[in-house]
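Undergrad: Fold the following and give me the result.
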Amino acid sequence: MSITQAQNVDEYIDEQKSRLVKHPTCANTRYNLGMAYLSKRMFTEAEKEFLAAVEESPKMAEAYVQLGGICMYRKDLDGCLRYNLEAARAQPFFAVPFANVGFVHMQRGDSDKAVKAFKKALSCDPKFVQAHANLGGLYFMTGEFEEAVKHSSKAIELEPMFGPAYHNLAMTYIELGEFDKAIEAIDKAKETHYEVPQEILDELEPHRK
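TA: Numbering: from 1, shown residues only. Modelled structure (predicted):
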């Protein structure tokens, strides 16, 4: 974000608008203004600025990602997918759009395409916690438990307070019959304040020593 004298978001918005008067084709200013609108949940105004930013700078992948996020907020999966694919084309080594593409495919139940997208995200950024966690969940659902353990464990290694990864790990260990490890993982999930489904707690209770 650019250097600013603003004391709050409203002042920052006014500041960026003033800059646009002098430099109406500045994509960075458009992007900054869009982010400020997003912080106020002014989605229509933010969308307008991000669209203007990519019109001025078609390689601005971050703006496409934000447009995809607005689409996701509106439950427009097609739009989210389209904008994130644009972001990936603009910056082929930017992990975020590939992870977002994976998330869209995951929401649609297309695990093969989701796995491929998350793997692409990890090839760009091997420490992308959310991509590892999502892969852990996907591999659990497809019965590839060794891969599920690997990716859930990696997510936890990178972010020790990431509750969903502990949950996925516990579910995988239940399927493997390794109840001690499942209990350890689910207790860790609870420590992160992750809301563990009661049926999982009930299933594990008889196995506690």
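
Undergrad: Tell me which helix or strand in the protein has the weakest average pLDDT.
TA: helix 9-22 (a mean of 91; mean pLDDT, DSSP states H and E).

Undergrad: Now do it: distance to the chain's middle.
TA: In terms of CA atoms, centre = their mean, to the nearest Å, the centre of helix 9-22 is found 29 Å from the chain centre.

Undergrad: what's the following helix or strand after that helix?
TA: helix 27-39 (DSSP states H and E).

Undergrad: Output the contacting helices and strands for that next one.
TA: helix 9-22, helix 43-56, helix 61-73 (3 or more CB pairs under 8 Å, 6 or more residues apart in numbering; DSSP states H and E). All C-beta spots, glycine's among them, are computed from the backbone N, C-alpha and C.

Undergrad: try 6 Å
TA: Judged by 3 or more CB pairs under 6 Å, 6 or more residues apart in numbering; DSSP states H and E, the packing partners of helix 27-39 are helix 9-22, helix 43-56.

Undergrad: Buried residues of the last one, list them for me.
TA: Judged by neighbour count (16 or more other CB atoms under 10 Å), helix 43-56 contains these buried residues: 43, 45-47, 49-50, 52-54, 56.

Undergrad: what inclination does it have with respect to helix 9-22?
TA: 30 degrees (axes from the mean of the first three to the mean of the last three CA atoms, to 10 degrees).

Undergrad: Now helix 43-56 - C-alpha only, PDB.
TA: Output of helix 43-56 as PDB, limited to C-alpha atoms (Å, rounded to 0.1, in the frame of the first residue of the first chain):
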ATOM      1  CA  PHE A  43     -18.400  -4.600  -2.700                       C
ATOM      2  CA  THR A  44     -19.900  -2.800  -5.700                       C
ATOM      3  CA  GLU A  45     -17.500   0.200  -5.300                       C
ATOM      4  CA  ALA A  46     -14.500  -2.200  -4.800                       C
ATOM      5  CA  GLU A  47     -15.500  -4.200  -7.900                       C
ATOM      6  CA  LYS A  48     -15.600  -1.100 -10.000                       C
ATOM      7  CA  GLU A  49     -12.000  -0.100  -8.900                       C
ATOM      8  CA  PHE A  50     -10.600  -3.600  -9.400                       C
ATOM      9  CA  LEU A  51     -12.100  -3.800 -12.900                       C
ATOM     10  CA  ALA A  52     -10.500  -0.400 -13.700                       C
ATOM     11  CA  ALA A  53      -7.200  -1.600 -12.300                       C
ATOM     12  CA  VAL A  54      -7.000  -4.600 -14.600                       C
ATOM     13  CA  GLU A  55      -8.200  -2.500 -17.500                       C
ATOM     14  CA  GLU A  56      -5.200  -0.300 -17.000                       C
END
